[in-house]
Each structure stands twice: as C-alpha cells, then as structure tokens.
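Asks: structural data only, the sequence is not supplied:
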C-alpha cells in the first residue's frame, strides 16, 4: 500500500477515512478540496485542477481522496489501492448537515484557508442532482479496475472500521511494505 485512491460522493466519509488511514500508514494525505478550491472558496479552473492532480499522481506515496473525475483513470493507473465509500443519500446529507453545524464559520483541515464552513444551497443541489450519475461513474470505475489493484467497496461505518483495523494489523505485522513509526 503506497498509493491509495479514495472515492465517494459528498458526505460519504472520504476525508475522515483518508485522515485515519494516513495516521495508521504515515502516508501523505491529499484532499481534493485543496486542489478544487483556492482560499476564499475561489474555484480553480479545470486545467489547473487536472495539472495539480497529475502532479500528486506522480508522487511515490499518497492517499488521495476525492473527485475531479477527469483524472480518475490516470489516478487509478498510478494507485495500488482503490477504496469506494458507497454510502446512501440520506446518511450522506445528514453527515453534511451535521458537519456544517459543527464547523459553521470555521475552516476545516481538508479545505484551503479562508474557506469557512457554510450552508450552501448549490452544494446540496449538487448532491441531489448527481446522486445517481456520480454513483454510476464510481461503480463503473471500480468494476473496470485492473485485477492487480486492491479494491475495497465499503458501505457502512462498520466496514470502514474493520478495514482500518485490518490495515493497522497489517502495519504491525510489516505486511504493507511501509516503515513502522
């Protein structure tokens, strides 16, 4: 486990999983929101996002969570592990609402500086609008992943916890090829 690709729709737990996995493996974590946004909720243009994603892909080790799906195939080619957090709409929206309430007015660590958490009607509309198309795109990516990729399709908090426990055990046993710290 050297290059981990985490995908999932908004509120699926990508950032949380990436942080937890990074704490266990000591791999560097990259959040797509740092690429998608500039400080102050200013969106980068598509070409710049693509260039920044590909620069991450070229690195020797990473946990990369999130979208910019035009780069997914390249990211998957570089990754050795693919994790799909496939969580239902109701749970995801509830998580986004709770996150917003908890962090309202503050900038979370997985977004750039000066991007305070806020209620954003367009973001909720995006979650609703892409609930089927985005999931279908992720399903196709997972189903088309080459056989040599270590693929994990996680659908619940319990499956995520079990996965993290398994990774921690593998780290202790030296089975992941990563240094102990």
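Replies: That came through, no problem. Everything numeric in this text was worked out from a predicted model, so none of it was measured.
Asks: quick check: the gap between the residue nearest the centre of the chain and residue 125.
Replies: Central residue of the chain (Cα atoms, centre = their mean): residue 65, 2.3 Å from the mean position. Distance check for residue 65 against residue 125: by Cβ to Cβ, to the nearest Å, it reads 22 Å. Where you see a C-beta, it was placed from the backbone N, CA and C, and this is true even at glycine.
Asks: the residue nearest to the centre of the chain contacts residue 15, correct?
Replies: Yes - between residue 65 and residue 15 there is a contact under Cβ atoms under 8 Å: 6.0 Å.
Asks: what do these two both touch?
Replies: With contacts taken as Cβ atoms under 8 Å, 6 or more residues apart in numbering, residue 65 and residue 15 have residue 31 as neighbours in common.
Asks: state the mean pLDDT of the longest helix seen in the chain.
Replies: Using DSSP state H to define each element, the chain has its longest helix at helix 157-173. Mean per-residue pLDDT for helix 157-173: 95.
Asks: in that helix, which residues are buried?
Replies: Neighbour-count burial for helix 157-173 flags 160, 163, 164, 167, 168, 170, 171 (criterion: 16 or more other Cβ atoms under 10 Å).
Asks: ditto for stretch 70-77
Replies: Within stretch 70-77, the residues scored as buried using 16+ other Cβ under 10 Å are 71, 72, 75, 76.
Asks: can you tell me the closest non-neighbouring residue to the second one?
Replies: Read that as residue 72. Leaving aside its sequence neighbours, residue 72 sits nearest to residue 141 (Cβ to Cβ, 6 or more residues apart in numbering; 5.8 Å).
Asks: that's a strand at the one you found, yeah?
Replies: No - going by DSSP: H, G, I helix; E, B strand; the rest coil, the assignment for residue 141 is helix, not a strand.
Asks: now do it, the pLDDT please.
Replies: pLDDT, residue 141: 97.
Asks: list the contacts of it.
Replies: 7, 72, 73, 76, 82, 84.
Asks: rerun at 10 Å
Replies: By Cβ atoms under 10 Å, 6 or more residues apart in numbering, the contact set of residue 141 is 5, 7, 69, 72, 73, 75, 76, 82, 84, 151.
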